[in-house]
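[1] give me the fold of what follows.
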Amino acid sequence: MTTNEYDLVTVDIFAKALENIASEMGVVMMRSSGSPAIAEAVDFSTFIADPKGDIICYSGYIPFYLGPARQAVRHIVQTVPPEQIRPGDMFICNDPFTTGSSHQMDIGVVRPIFAGDELIAWCWAEAHVADFGGIAPGGFAPMATETYGEALRLPGIKIVDQGELIDDIWRIIETNIRVPHMVLSDIRCFIAACNRCDDRMQALLERYGLSDFKRYVGISQDLAEEAVRKRIRSLPDGVYETEDFVEHNGHTNDLYKVHCKLTVDADRMNFDFSGSAPQTDGFVNCSAPTTFGAVTTPLLMSLLCDLPINEGTLRPIELVTKPETVCDVRMPAPVSAGHMETGMRVMKVVTALMGQIQAQSDDPFVREHVMAPWQDSWNGSVFYAPDEGGQLAPFLDMHGGGSGGGGQAVADGMDVGGALGQPQNSVPDIEINELSYPVLYLWRRLNANSGGPGRYRGGDGLDLAWTPWLSEGGPVHVFVSCWQVPPPGMVGGYPGSSSGFDLVNGAHADAVLASGRVPTTLAELDGQVRALDAKHFGMVADIGDVLHMHAGGGGGYGDPLRREPTRVADDISAGIISVAAARAAYGVVLTSGGALDETATEAERARLRAERLDWELVGSDSEAVRVRRGPAADRLSELDQWCQPLDTVELIEVADAETGELLRVEVRVTGDDLVR
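    Numbering: from 1, shown residues only. All right, here's what the predicted structure looks like:
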């Protein structure tokens with residue numbers, strides 16, 4: 001079909017109308033849900049698919065869930081007889097093993113859309129809910145050894161029949177969850193969003209007619225495919241490989257390899273994860289549709305950031321996985337944190353590979369959109385305690401998504417950027433959490449020095465602490481996905497700090513507050529600070545105890561000694577980095593009065609470059625480089641950063657043999673005794 005057979009402006013207006021419908025579904029959810037996860041954190045996704053499940057348009061809330069959304073529709077189409085799919089029906093799904101859900105607490109409602117008697121589309125509204133039953137309050141189950149110990153699973157079953165709620169299904173859900181009033185309200189908001197989509201789609205059909213509706217959908221997909229293939233052709237052909245590691249499966253502190261071999265061949269890309277670790281009996285395993293969403297997210301954020309999201313966008317992208325690995329889980333392995341563990345490691349791997357490849361492109365636009373890996377650790381803490389009225393509600397601190405973004409080729413990483421897969425993620429107001437749950441925050445601020453040093457630094461994460469409030473206390477468990485293996489930088493940028501939790505029992509924070517003082521550091525509290533493992537459960541937070549979270553930052557981009565000294569001084573003034581980090585990482589020196597000392601800075605930078613020229617010489621002639629290697633935690637500590645020590649995780653710094661310019665800084669797991 002040539003452009004003479006259709007009007008590009010009309011097609012674009014039509015495509016934008018569809019995108020607006022998907023986005024409006026999200027607005028309906030935010031305004032009708034009382035859950036902080038939806039109304040405040042924007043932890044949801046919406047999309048519209050064709051009758052087969054191919055994507056017509058996808059909203060920009062969480063592209064990470066693109067794979068599960070598509071799989072949910074496809075599973076329903078494959079398993080429900082066509083004559084049993086009627087106008088007004090809706091299906092509910094959250095099963096990672098059939099409908100591809102990222103985990104059981106992400107509940108999706110799927111609605112068929114008809115033009116008369118003809119099924120023409122599907123819509124999906126999905127979000128994280130506070131609880132969906134199972135052994136662990138809140139649904140994240142680090143103690144589970146199989147999925148049967150996790151939450152209730154629904155494999156795309158009908159919950160609304162021709163506009164009428166199916167009471168039996170409703171009562172099953174109500175009976176199995178800890179906070180039915182909250183969760184059922186959220187499911188109602190999903191239903192409302194799907195109803196709004198149907199209303200808007202009927203108006204669109206009335207405007208364009210069914211024939212042009214189908215034609216413009218196809219044209220939009222074909223145009224997107226053409227644009228994506230053109231963009232891929234700007235990349236150098238070749239085979240590229242890298243790996244990262246999932247840490248601690250909830251039972252043992254092992255490392256689980258996530259290995260990617262990327263083949264760029266003309267106008268297509270093949271991502272092969274079949275070399276990844278076998279699935280484990282811990283809750284870190286990921287469904288293949290979620291892995292697909294994790295693969296496509298970095299592409300949509302960097303290489304394809306100016307293009308629409310529909311099925312045509314995805315046609316040139318191929319995913320290969322091996323069943324019964326951490327990237328393609330099979331029954332009965334647990335999965336309740338898989339997307340935040342393996343899934344986010346997949347995003348880091350693809351981000352690192354795309355940065356390497358895009359930097360070699362002849363297209364300036366492609367090169368300018370290189371970025372370092374983000375922290376991509378969603379640091380979860382779940383507290384289960386009665387409020388002052390005796391009501392029990394699992395509290396998942398949605399501030400856990402407050403980690404840092406990766407530095408870019410043209411800009412610093414985002415402070416508190418959240419996960420790369422959540423571009424519209426929001427950090428809830430403290431007051432909302434305190435209103436909804438029995439907690440009180442002592443502080444919430446930037447975690448200084450957590451972003452990786454670089455010409456363009458990685459974004460900082462959050463540092464916060466809370467204590468039980470108007471409550472007798474209760475059990476708490478935590479989980480971190482970036483603890484010992486930090487996110488790498490790009491082109492000479494350093495890794496970001498890792499993330500972690502501390503628990504202070506006997507802190508007597510309530511007594512400190514009653515005395516009129518507001519503590520701002522752990523040192524001002526009683527009790528012993530206990531650093532927690534990456535996955536820790538079986539603890540209790542009583543009255544006056546304090547849980548502390550320090551979220552890491554993204555990787556840096558470029559040699560830190562190339563950062564403008566005035567920008568470093570501004571970062572110190574803003575509390576983004578410390579004076580010690582400015583000198584150690586950036587070679588920037590301040591006067592006793594706190595002003596930039598240009599002469600001392602020039603001398604310190606010359607000294608650091610000269611120090612690099614004393615590193616071990618590796619290679620010969622034009623291939624020669626200077627290399628220093630050592631434990632990652634030790635080197636990051638020298639830069640006033642933090643990483644949980646692990647002997648097998650090294651930092652390898654590589655500099656130009658003649659100039660001392662830092663070329664790359666690698667995070668490498670050197671031993672295989674803990675690797676699966």
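[2] now the most centrally placed residue in the chain: closest residue in space that isn't a chain neighbour?
    Taking C-alpha atoms, centre = their mean as the criterion, Ala419 is the residue nearest the geometric centre of the chain, at 3.2 Å. Closest residue to Ala419 apart from its sequence neighbours, by C-beta to C-beta, 6 or more residues apart in numbering: Asp376 at 5.3 Å. (C-beta placed from N, C-alpha, C; glycine too.)
[3] neighbours around that neighbour, how many?
    By the measure other C-beta atoms under 10 Å, the count of residues near Asp376 is 34.
[4] make sure it is actually in contact with Gly418.
    No: assessed by C-beta atoms under 8 Å, Asp376 is found out of contact with Gly418, at 9.1 Å.
[5] the residue nearest to the centre of the chain contacts Gly406, doesn't it?
    No: checked against C-beta under 8 Å, the pair Ala419 and Gly406 is beyond contact range at 11.4 Å.
[6] now do the shared contacts for the two.
    Listed as contacting both Ala419 and Gly406 by C-beta atoms under 8 Å, 6 or more residues apart in numbering are Trp374.
[7] thinking again about what came up before, mutual contacts of Asp376 and Gly418, please.
    Joint contacts of Asp376 and Gly418 (C-beta under 8 Å, 6+ apart) are Ser403.
[8] how about the residue nearest to the centre of the chain, what does it touch?
    Here Ala419 is in contact with 64, 340, 344, 347, 374, 376, 378, 401, 403, 425 (criterion: C-beta under 8 Å, 6+ apart).
[9] 6 Å instead?
    Going by C-beta atoms under 6 Å, 6 or more residues apart in numbering, Ala419 touches 376, 378, 401.
[10] nearest to Ala624, of these?
    Lowest distance from Ala624 to the contacts of Ala419 (C-beta to C-beta) belongs to Asp376, with 34.5 Å.
[11] which SSE is that closest one in?
    Of the helices and strands defined by DSSP states H and E, none includes Asp376.
[12] how near is it to Ser573?
    Taking C-beta to C-beta, to the nearest Å as the measure, Asp376 falls 28 Å from Ser573.
[13] cool, and Gly390?
    48 Å.
[14] now swap in Pro82 and tell me
    64 Å.
[15] and for Trp615?
    Going from Trp615 to Ser573 by C-beta to C-beta gives 33 Å.
[16] excluding chain neighbours, what is closest to Met269?
    The shortest distance from Met269 to any non-neighbouring residue, by C-beta to C-beta, 6+ apart, is to Ile317 (5.5 Å).
[17] and the one you found, how many residues sit next to it?
    Residues near Ile317, counting by other C-beta under 10 Å, number 17.
[18] circling back: surely the residue nearest to Ala419 touches Arg345?
    No: when contacts are counted by C-beta atoms under 6 Å, Asp376 is not listed as touching Arg345 (7.7 Å).
[19] check what pLDDT Ala39 gets.
    Ala39 is assigned a pLDDT of 89 by the prediction.
[20] relative to Gly138, how far out is it?
    18 Å.
[21] between these two, which one's more packed in?
    Taking other C-beta under 10 Å, Ala39 and Gly138 do not tie; Gly138 has more neighbours (26 against 21).
[22] wait, is that one part of a helix?
    No: in this structure, Gly138 is coil, not part of a helix, as judged by DSSP: H, G, I helix; E, B strand; the rest coil.
[23] mind listing what it touches?
    Residues in contact with Gly138 (C-beta under 6 Å, 6+ apart) are 131, 382, 394, 396.
[24] how about Gly34?
    The contact partners of Gly34, taken as C-beta under 6 Å, 6+ apart, are Ser185.
[25] tell me the SS of it?
    coil.
[26] tell me the pLDDT at it?
    On the pLDDT scale, Gly34 gets 83.
[27] phi first, then psi, for it.
    phi -100, psi 10 (degrees, to the nearest 10).
[28] equivalent analysis for the one 3 residues further on, please.
    As for Ala37, its main-chain torsions (degrees, to the nearest 10) stand at phi -60, psi -30.
[29] distance of it relative to Cys189?
    Separation of Ala37 from Cys189 (C-beta to C-beta): 11 Å.
[30] and if you look at His251?
    As judged by C-beta to C-beta, His251 and Cys189 stand 36 Å apart.
[31] so between the two, which is more surrounded?
    Per other C-beta under 10 Å, whichever of His251 and Cys189 has more neighbours is Cys189, with 24 against 15.
[32] what's the average pLDDT for the host helix or strand of that one?
    Counting by DSSP H and E, the element that carries Cys189 is helix 180-208. Taken as a whole, helix 180-208 has an average pLDDT of 96.
[33] and whichever helix or strand comes after it, which residues are buried?
    For helix 180-208, the following helix or strand on the C-terminal side (DSSP H and E) is helix 210-232. Neighbour counts over helix 210-232 (16 or more other C-beta atoms under 10 Å) mark 212-217, 219-221, 223-225, 227-229, 231-232 as buried.
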